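Enquirer: A structural model of the following input is requested.
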Amino acid sequence: MLLVVVLIFVSCTDNNDYPAHTAYATLEEALASNDLFSAIKENPDSTAMKKKEKGKLTYLSQYSMFFRQAVNHNQPDGDTFQQRVCILFRGFDRPTVLVTEGYLWRRFGDAEDIGMNLNANMVHVEHRNFGKSYTQDQGKWEYETGAQASADLHAVYQALKPIFKGKWMSSGTSKNGETSMDYAYYYPNDMDLAAAFCSPFIVSLDDKCFGEYLFNEASTEEVRDLMKKSIRSALENGEEGLYQQVCKLFEQNDKPMPSFTEYVFNIFDSFFTLFQYTLPSKVMSDVALTWYQHQEGDEAAKYAEQFANTICESILSNRGMAHYTYRVDCAKEQGFPNPGYDYFADLLEGTSFKAGDVWKFLLNEEDQWLPQYYDNSLRLDMRENFFMNSTMPLLFFYSHDDPWSAAQPDKLGPNAKKVINPIGVHSPIINEPEYCPEDVKQEVMDFISTYIY
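Expert: A predicted model of the protein is given here:
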């Protein structure tokens, strides 16, 4: 009888002191038991449903909801906001991947391969001040910090840990991965592992390491050489060159005319984005690179027009406000990449372009005071101390051809691992051989499985 009593007691407790698991019939029932969750809806992502129908994605159900958060976690009784949380459910007894969004939530794409390989639940938490998760702090931006965003994740974890009692890991790609590491930095005892895929850790407001990497390391020498020549062609004759063709397109479409500084920024951004998402085996066929090869002959005008359209599309995309808070984060703590303007100083000299003016069109006029208060102390301490001394296992994944790999950490301690993918792009895809060799995928999953199983 004594043995039975002891076994019952042990089965109802664990080392984390969380309440014993209640046998809920459905995830919706489990979520409804916590009044911090509201507006619980099933099937928020049609893309995931289609993949499930085709047998490419396995899960039991998917939900979106809102979670009540403090605007300032240092004053939990103050103002609150509703933060969007989305869950791909595979079982109460499964591991859980906390996808630490750095932007708005769109779909169950980030860390999808990791989730499938682990047969894990996926919990996506939309970053504050993105998408549907806006706070009352807009305009002041006082609480738009890594510390407050990490406290958001900690609160969600505390609410869900009694439901999903298995192992937990945080993971994200690019800025999402930065958010994952910020969370590990501030709450080192929450997760069993933290992962960052293709995430830059910048330590200056105008980081020139990106230009150095883009023009000397990324892709192949042949592709880089063609990129340099194409950029030079787009900058030749300064404000009297291709810029005039771009201005005419904006005038024809009744759009605000871009300054020459905005034009130059988007030339570089077009190539940066091209290298970011396109495999070297395919990048040569892109019009942004082939225009240089067609400056003479009958097709010259056609290719110049296509190149001008590419720059116009980049300008209009960067004028969009969906990712505006990202620029605020860069100005406050995360820094911004300099894509290599100095490499073309001879063509930019004497023009109205000024690298220091880039912020004038990336930030709203009322927010242009932010860069003068840029604080790199978080990133410096992470790179100099946390990555070296973390007791939580840390995984970093980078692709050689991705320009964001320029700001990867160079010093790691015994509990951190860095994996370099020789062929991939700015993506967490590891299950497709075209983007990630099998041995690299195995290296990633072996490290993760050591701590999640």
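Enquirer: let me see the ranges of the strands in this structure.
Expert: Counting by DSSP state E, the chain forms strands over residues 37-42, 61-70, 80-89, 96-100, 121-125, 168-173, 193-197, 206-207, 336-337, 394-399, 416-421, given from the N-terminal end onward.
Enquirer: how about the helices in the stretch 201-350 of the chain?
Expert: Counting by DSSP state H, counting those that start in this stretch, the stretch 201-350 of the chain forms helices over residues 209-216, 221-235, 242-252, 260-277, 280-283, 287-290, 300-319, 324-329, 345-348, given from the N-terminal end onward.
Enquirer: by mean pLDDT, show me the worst of those helices.
Expert: Sorting the helices of the stretch 201-350 of the chain by mean pLDDT places helix 287-290 lowest, at a mean of 73.
Enquirer: now tabulate the strands of the chain in CSV and tack on distance to T220 and mean neighbour count.
Expert: All C-beta spots, glycine's among them, are computed from the backbone N, C-alpha and C. Compiled in CSV, the strands of the chain are given as follows (distance: least, CB to CB, whole Å; neighbours: other CB atoms under 10 Å):
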stretch, distance to T220, mean neighbour count
strand 37-42, 47, 14
strand 61-70, 41, 19
strand 80-89, 37, 22
strand 96-100, 33, 29
strand 121-125, 35, 26
strand 168-173, 24, 28
strand 193-197, 23, 29
strand 206-207, 24, 18
strand 336-337, 21, 22
strand 394-399, 14, 24
strand 416-421, 16, 18
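Enquirer: out of those strands, which is closest to L31?
Expert: Distances from L31 to each of those were compared using CB to CB; the shortest belongs to strand 37-42, at 4.8 Å.
Enquirer: for L27, see how far away the nearest residue to Q276 once chain neighbours are set aside is.
Expert: Excluding the flanking residues, the one nearest Q276 by CB to CB, 6 or more residues apart in numbering is H426, at 4.3 Å. With distances defined as CB to CB, to the nearest Å, the gap from H426 to L27 amounts to 32 Å.
Enquirer: same thing with N431?
Expert: Noted for N431: a distance of 25 Å to L27, by CB to CB.
Enquirer: more crowded one of these two?
Expert: In terms of neighbours (other CB atoms under 10 Å), L27 is the more surrounded of N431 and L27; the figures are 22 against 15.
Enquirer: tell me the contacts of the closest residue in space to the more buried one that isn't next to it in sequence?
Expert: The shortest distance from L27 to any residue that is not its chain neighbour, by CB to CB, 6+ apart, is 4.6 Å, and that residue is F89. With contacts defined as CB atoms under 8 Å, 6 or more residues apart in numbering, F89 is in contact with L27, Y59, L60, S61, Q62, Y63, N121.
Enquirer: go again with 6 Å.
Expert: Each residue near F89 by CB atoms under 6 Å, 6 or more residues apart in numbering is listed here: L27, L60, S61, N121.
Enquirer: gap between Q158 and E366?
Expert: Distance from Q158 to E366, counting by CB to CB: 36 Å.
Enquirer: next one: G102
Expert: As defined by CB to CB, G102 lies at a distance of 23 Å from E366.
Enquirer: okay, these two: which has more neighbours?
Expert: Each of G102 and E366 had its neighbours counted (other CB under 10 Å), and the higher figure belongs to G102 (25 against 8).
Enquirer: OK, contacts around the more buried one?
Expert: H127, K175, N176, T179.
Enquirer: so what's the residue count around the residue nearest to the first one when sequence neighbours are not counted?
Expert: Leaving aside its sequence neighbours, H127 sits nearest to E101 (CB to CB, 6+ apart; 5.0 Å). Each residue near E101 was counted by other CB under 10 Å, and the total is 28.
Enquirer: does E101 touch E126 like I think?
Expert: Yes: if you go by CB atoms under 6 Å, E101 and E126 touch, sitting 5.1 Å apart.
Enquirer: how is the protein divided into domains?
Expert: The record's domain parsing of the chain by automatic domain parsing lists 23-203+377-452, 206-373.
Enquirer: and the first one, end to end?
Expert: By CA to CA, to the nearest Å, the extent of domain 23-203+377-452 from end to end equals 23 Å.
Enquirer: how much space separates L412 from L370?
Expert: Summarising the geometry, the distance separating L412 from L370, computed by CB to CB, is 31 Å.
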